[in-house]
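Chemist: I would like the atomic coordinates for the input below:
(chains A, B, C and D)
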Protein chains: 2
Amino acid sequence: MKEGPDITSVAALVGDPARANMLSALMSGLALTAGELAREANVTAPTASAHLAKLREANLVTMVVQGRHRYFKLAGSDVAAALEGLMDLAARIGNLRTRPGPRDAAMRAARVCYDHLAGVAGVRIYDALIASGAIVVSAEGLSLSNVGRARFIAEGIDIDAIERKDKAICRACLDWSERRSHLAGPLAKAFLDLFLARGWANREAVGRAIRFSSAGQAAIEAFIARQALDTAKSSSRSMA
Amino acid sequence: MKEGPDITSVAALVGDPARANMLSALMSGLALTAGELAREANVTAPTASAHLAKLREANLVTMVVQGRHRYFKLAGSDVAAALEGLMDLAARIGNLRTRPGPRDAAMRAARVCYDHLAGVAGVRIYDALIASGAIVVSAEGLSLSNVGRARFIAEGIDIDAIERKDKAICRACLDWSERRSHLAGPLAKAFLDLFLARGWANREAVGRAIRFSSAGQAAIEAFIARQALDTAKSSSRSMA
DNA sequence: TGGATGTTTCGGCGCGGAACGAAGCATGTC
DNA sequence: GACATGCTTCGTTCCGCGCCGAAACATCCA
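Modeler: Residues are numbered from 1 along each chain as shown, chains lettered A, B, ... in the order given. Sure thing, here's the model as predicted:
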């Protein structure tokens, strides 16, 4: 009778407000304790514990015990991607946020999408990388060109270190606020990590918003400008 | 407190078994009557009516009255894409179908994804189109190259007719069974429509599976072979 | 060892909502 | 006009499950 995988259980899991809030909080990519998630979802500890048990059983989140704390985080980037997809649909369907507040504006400008950069900043960087040929799109997905490899190494990213795994080094992730793609995957994670490590970008105390320092802002603009420069060199093949 | 669009309502809507079954059935791209959907979900007419009212209110499905029948279909390809995303996650998360039966095998080989072709066949065609340069991927998404345009016209597709709209002529859609992209959008719809019109492909009586006639099978292989031929001409730029 | 903090288990309350039968409106057929 | 078919509205029942408080368990600190 039924066809394809069973959507119901996953959707029902996400469909509960408390769990949805928890998952949204985990979209920051951070590992959060059960207590923190309980507060995030506005429920008591016992309730949160029950919810987290279900999410864990469904392999949506993973848990790691550290002392008397239990840290939860999303099971993987695929879960994050699915949640982004739902956010995208929710945004289109009409469930727009009641009224975009200052925090929403910051979120739109730049935010963390599980482990990489999203929002206007993320999309701009992605566009520049594609246009300059640093990232190439093929049937198998995104791949890093030799030009792009050199450029990222010049930025200070240890490509070799993140390339070990047999997984793709980068992929596209749909951006719910911009409705365009931004860069995801190990490369994108390394890129964000670099900015955080250098103090060019800072997470807000709570939530997923990212704030750039003036140096960071300048670094981003310079990075994009460098891509544009290389783009100008290569003749752009105009398409219909 | 909450960040990003409100996932909850959409996910909760999909999370109900009856509604999930209805939506799955509508993934065939066909417009189905309330009665048909009730049978598909194994509920009585009143129950189905209530569910459909909710789906309609949430803009997940649209309704068109025709005589004493009410036809429902997915509100758009974005809804279909989100559902595919959930299927993808469900498949990875471990909710694999109990045991892949013959119908599942047929689904995996070729099926309808809302209005275009998916499954092994869809992915192969997509790969061939990208490799040959008929379809080009850019930051803005997929676009049809001049070469590709000529090729599709040669196949008998009226590109001009489907290009009027200011929407993109094609885009990528993630395939839950293959975990790769296949072609979606007006162009993909026209491609499938052509195959159906020529009798090269037939829908199974119920469900989303597609069966190719021997002529259709040959046509697909020939189409892919033609792409490969052109691919050989253009030098492939090797990347890391 | 004892007391504080973090987390889970247990038991029970209560609400939301999914389900159905029967009746009410439409539309199409004879 | 009368009857059949398709769908919706209404009223009711009932089950699931989210929620909490209290208590048990675990871990850290003193």
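Chemist: how long is stretch A:159-170 end to end?
Modeler: Stretch A:159-170 stretches 11 Å from its first residue to its last (Cα to Cα, to the nearest Å).
Chemist: tell me if the helix or strand in which residue A:83 is found is near chain B.
Modeler: In the assignment (DSSP states H and E), residue A:83 maps to helix A:77-93. Yes. Taking Cβ under 8 Å from any Cβ of the partner chain as the criterion, helix A:77-93 and chain B are in contact, through A:78-79, A:81-83, A:85-93. (C-beta placed from N, C-alpha, C; glycine too.)
Chemist: quick check: whichever residue of chain A sits closest to DNA strand C vs DNA strand D, distance?
Modeler: Distances between chain A and DNA strand C by Cβ to the nearest atom of the strand are smallest at residue A:35, namely 2.7 Å. Using Cβ to the nearest atom of the strand, to the nearest Å, we find residue A:35 at a distance of 12 Å from DNA strand D.
Chemist: how far away is that residue from residue A:20?
Modeler: 18 Å (Cβ to Cβ, to the nearest Å).
Chemist: out of those two, which sits in the more crowded spot?
Modeler: The neighbour comparison of residue A:35 against residue A:20 (other Cβ atoms under 10 Å in any protein chain shown) goes to residue A:20, with 23 against 13.
Chemist: confirm residue A:172 sits in a strand?
Modeler: Yes. Counting by DSSP: H, G, I helix; E, B strand; the rest coil, residue A:172 is found in a strand.
Chemist: mind listing what it touches?
Modeler: A:126, A:137, A:141-142, A:181-184 (Cβ atoms under 8 Å, 6 or more residues apart in numbering or on different chains).
Chemist: can stretch A:200-209 be said to contact chain B?
Modeler: Yes. Contact between stretch A:200-209 and chain B, assessed by Cβ under 8 Å from any Cβ, occurs at A:207-209.
Chemist: what is the nearest of the residues you listed to residue B:160?
Modeler: Nearest to residue B:160 out of these is residue A:208 (Cβ to Cβ; 43.9 Å).
Chemist: need the per-residue pLDDT for that closest one.
Modeler: Note on residue A:208: pLDDT of 85.
Chemist: that one touches residue A:106, doesn't it?
Modeler: No. Checked against Cβ atoms under 8 Å, the pair residue A:208 and residue A:106 is beyond contact range at 9.4 Å.
Chemist: so which of those two has more stuff around it?
Modeler: residue A:208 (25 against 18).
Chemist: what is the burial count for the nearest residue in space to residue A:25 that is not next to it in sequence?
Modeler: Counting by Cβ to Cβ, 6 or more residues apart in numbering or on different chains, the nearest residue to residue A:25 once its immediate chain neighbours are dropped is residue A:40, at 4.3 Å. If you count neighbours by other Cβ under 10 Å, residue A:40 ends up with 21.
Chemist: work out for me the element residue A:40 sits within.
Modeler: Following DSSP H and E, one finds residue A:40 within helix A:34-41.
Chemist: again, but for residue A:225
Modeler: Going by DSSP H and E, residue A:225 is part of helix A:214-233.
Chemist: what's the answer for residue A:50, then?
Modeler: helix A:45-57.
Chemist: could you point out the helix or strand that follows that helix?
Modeler: Remark: after helix A:45-57, the chain's next helix or strand is strand A:61-66, criterion DSSP H and E.
Chemist: what about the helix or strand following that following strand, near DNA strand D?
Modeler: Following strand A:61-66 in sequence order, the next helix or strand is strand A:69-74 (DSSP H and E). No. Using Cβ under 7 Å from any atom of the strand, strand A:69-74 stays clear of DNA strand D, coming no nearer than 8.2 Å.
Chemist: re earlier: which other residues reach the helix holding residue A:225?
Modeler: So helix A:214-233 is in contact with A:121, A:124-125, A:128-129, A:131-134, A:147, A:151, A:155, A:195, A:198-201, A:212, going by Cβ under 8 Å, 6+ apart.
Chemist: ok, and the closest non-adjacent residue to residue A:201?
Modeler: Nearest one to residue A:201, counting by Cβ to Cβ, 6+ apart, is residue A:195 at 4.0 Å.
Chemist: quick one: contacts for that neighbour?
Modeler: A:117, A:201, A:212, A:216, A:219.
Chemist: so which of those residues comes closest to residue A:72?
Modeler: Nearest to residue A:72 among those, counting by Cβ to Cβ, is residue A:117 at 22.7 Å.
Chemist: backbone dihedrals for the closest one, please?
Modeler: Main-chain torsions, residue A:117, degrees, to the nearest 10: phi -90, psi 140.
Chemist: run through chain A and note the low-pLDDT ranges.
Modeler: Applying pLDDT under 70 to chain A picks out residues A:1-4, A:94-103, A:139-140, A:164-166, A:230-240.
Chemist: repeat that for 50
Modeler: Under the criterion pLDDT under 50, the flagged ranges of chain A are A:1, A:97-98, A:235-240.
Chemist: what does it put close to DNA strand D?
Modeler: Checking chain A against DNA strand D by Cβ under 7 Å from any atom of the strand, the hits are A:16-18, A:43-44, A:46-47, A:50-51, A:54, A:67-68.
Chemist: who touches the helix holding residue A:50?
Modeler: A:13, A:16, A:18-19, A:22-23, A:34-35, A:37-38, A:41, A:43, A:61-63, A:72.
Chemist: which of the residues you listed has the most neighbours?
Modeler: Greatest neighbour count in the contacts of helix A:45-57, by other Cβ under 10 Å, goes to residue A:23: 29 neighbours.
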